[in-house]
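>>> Sequence and predicted structure, then a few things I'm wondering about:
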Amino acid sequence: MAEYRLLKQEDFTQAIDLADKTFRKEGHVSMGPAFPEVFSAALNQSYGAFINERLVSFIGLVPFVLHIGGAEVQAYSIGAVCTDPVFRRKGLANTLLQKVFEHANKSGASVLFVSGDLPIYIKQGCTFYGKMNQYKIGKGDLKSDYPCTVRELQPYDWFQIRSLNHERPVRYEQSIYEMAVLNESAGFASIFKMKHKVLVAEENQKVTAYLVFGVPYNEQEGAESRAIEWGGDPEALCRLIGETFRYGLNSLLLNVPTFETALNVQLASLKKEEQPYPGTIKILNLDLLLDQLCPFLKDKIDISKQDDLQYKLAHNQNSLVVGHQEMEELILKGTNRSFSNLDPIFPIPFPHPQGLNYV
């Protein structure tokens, strides 16, 4: 019989081995250094199924605080979900998922992010969310003569990087140390056998923008790259994007949330494709999420609970009563035909999940 529990310090070696066998091939770095928060005994969040003390199924769980226009949303992300092939199709991962839901609910988290969209998640109420513009940028596509010095990140830049990061109205909470560790581990980029480079734009000895992007381990010519995270002046950012091609890239995939209006305006000359965010989300507790979002919603819209199943929305002298599912749809997808003037508010602008904090 399987034992389901939080991992202990001595269990994480097994977890890394199982994840590496599942997700890594020759040329990949190990999942352990790539995702330090997932395999952290200090955080003590991840769950496993054990048979005779052997770890046979695993779910990595990482807590985050999301900053959304003054609101602080408590959230979890899961990733590195894997089961030993011998023990698959026995319901182990599904049982672990229930343990994760219980854990997250006890913690006061209101939402759970999942890096995948497999049926196991959809059946548990996870759904697609967010809107982004995807740009595939080639060398010479984005021309910018913005006057600044472009250089690589230096160890003395972190205070300024932190300041630019904190200016973003929608972001993951990150300390200087966490930014440095996650930049070094390059979790999302490692999936594509890439490490990080960080370019900064400097004007009058002041850093005005930064861009984190992936560069292949061997820095081979003609590589497909991805922008990971950025901050600062949108015009300076465009200059940085153009400068990435000095590293021999063939193209740069850039996923920009639609709420980043200023950057999307700067990229308006490029071809784009609007898509939902990658991965899925589950609202764990709708009332708690609305409570945590209060500072963001204040002076924009008034939402009151009518009863256990309905919510009243009041906006610009208009009001509307919606059900629980409609309220979730409005938050995650911004869809409501009868109350269409809510576009500036909904969907709620959650951070893009494939940045430094990717799980």
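All right, it came through fine.
>>> in the strand or helix carrying Leu199, what's buried?
Using DSSP states H and E, Leu199 falls within strand 194-203. For strand 194-203, a neighbour-count test (16 or more other C-beta atoms under 10 Å) marks Met194, Lys195, His196, Lys197, Val198, Leu199, Val200, Ala201, Glu202 as buried. C-beta coordinates here come from the backbone N, C-alpha and C atoms, glycine included.
>>> One more: stretch 64-79?
Phe64, Leu66, His67, Ile68, Ala71, Val73, Gln74, Ala75, Tyr76, Ser77, Ile78, Gly79.
>>> Go through these and flag which are in strands.
Phe64, Leu66, His67, Ile68, Ala71, Val73, Gln74, Ala75, Tyr76, Ser77, Ile78, Gly79 (DSSP state E).
>>> and the nearest residue to the third one once chain neighbours are set aside, what does it touch?
To tie it back to what came earlier, the one meant is His67. Distances taken as C-beta to C-beta, 6 or more residues apart in numbering place Arg171 nearest to His67, at 5.2 Å, with adjacent residues excluded. With contact taken as C-beta atoms under 8 Å, 6 or more residues apart in numbering, Arg171 is in contact with Leu66, His67, Asn165, Pro351.
>>> and the lowest-mean-pLDDT helix or strand in the chain, how far from the chain's centre?
The helix or strand with the lowest mean pLDDT-type score in the chain, counting by mean pLDDT, DSSP states H and E, is strand 318-323 (a mean of 90). Mean-position distance between strand 318-323 and its chain equals 31 Å (C-alpha atoms, centre = their mean, to the nearest Å).
>>> returning to that earlier point: would you mark the buried spots in the helix or strand following the strand holding Leu199?
On the C-terminal side of strand 194-203, the closest following helix or strand by DSSP H and E is strand 206-216. By 16+ other C-beta under 10 Å, the buried positions in strand 206-216 come out as Val207, Thr208, Ala209, Tyr210, Leu211, Val212, Phe213, Gly214, Val215, Pro216.
>>> Which of the buried residues of stretch 64-79 sits closest to Tyr121?
Using C-beta to C-beta, Ile78 is the member of those that lies nearest Tyr121, at 8.8 Å.
>>> Against Ala15, how distant is that closest one?
13 Å (C-beta to C-beta, to the nearest Å).
>>> Quickly list what's touching both of the two.
In terms of C-beta under 8 Å, 6+ apart, Ile78 and Ala15 are both contacted by the residues Gly60.
>>> Show me the shaky parts of the stretch 151-300 of the chain.
219-222 (pLDDT under 70).
>>> ok, which stretches of it are helices?
158-167, 176-185, 187-190, 234-243, 261-266, 286-292, 294-297 (DSSP state H, counting those that start in this stretch).
>>> Of all those, which one is nearest His324?
Across the helices of the stretch 151-300 of the chain, His324 has its closest neighbour in helix 286-292 (6.4 Å, C-beta to C-beta).
>>> Could you save the buried residues of stretch 64-79 as CSV and add columns showing distance to Phe23?
As requested, the buried residues of stretch 64-79 are exported to CSV (distance: C-beta to C-beta, whole Å):
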residue, distance to Phe23
Phe64, 21
Leu66, 26
His67, 30
Ile68, 30
Ala71, 34
Val73, 28
Gln74, 28
Ala75, 23
Tyr76, 20
Ser77, 16
Ile78, 14
Gly79, 10
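>>> Closest one of these to Ser304?
Ala71 (17.5 Å).
>>> and the closest residue in space to that closest one that isn't next to it in sequence, what is it in contact with?
Nearest residue to Ala71 in three dimensions, chain neighbours excluded: Phe296, at 3.9 Å (C-beta to C-beta, 6+ apart). By C-beta under 8 Å, 6+ apart, the residues touching Phe296 are Ile68, Gly69, Gly70, Ala71, Ile348.
>>> okay, now the domains of the protein?
1-129+279-359, 132-275 (automatic domain parsing).
>>> Return the mean pLDDT over stretch 18-30, rounded to an integer.
Averaging pLDDT along stretch 18-30 yields 96.
>>> got the contact list for it?
Contacts to stretch 18-30, defined as C-beta under 8 Å, 6+ apart, come from residues 16, 31-32, 39, 55-56, 58, 60, 80, 82, 84, 190-191, 193, 217.
>>> who's in contact with the residue lying closest to Ile122 once chain neighbours are set aside?
Take Ile122 and drop its neighbours on the chain: the residue closest to it by C-beta to C-beta, 6+ apart is Thr280, 7.2 Å away. The contact partners of Thr280, taken as C-beta under 8 Å, 6+ apart, are Phe113, Val114, Gly116, Asp117, Tyr121, Ile122, Cys126, Thr127, Phe128, Tyr129.
>>> State the distance from Thr280 to Ser115.
Distance of Thr280 to Ser115, given as C-beta to C-beta: 8 Å.
>>> Spell out the residue ranges of the strands in the stretch 251-359 of the chain.
273-275, 280-283, 302-305, 310-315, 318-323 (DSSP state E, counting those that start in this stretch).
>>> How many residues are close by the closest residue to Leu43 other than its chain neighbours?
Computed as C-beta to C-beta, 6+ apart, the closest residue to Leu43 that is not its neighbour in sequence is Glu37, at 6.2 Å. Other residues within reach of Glu37, judged by other C-beta atoms under 10 Å, total 23.
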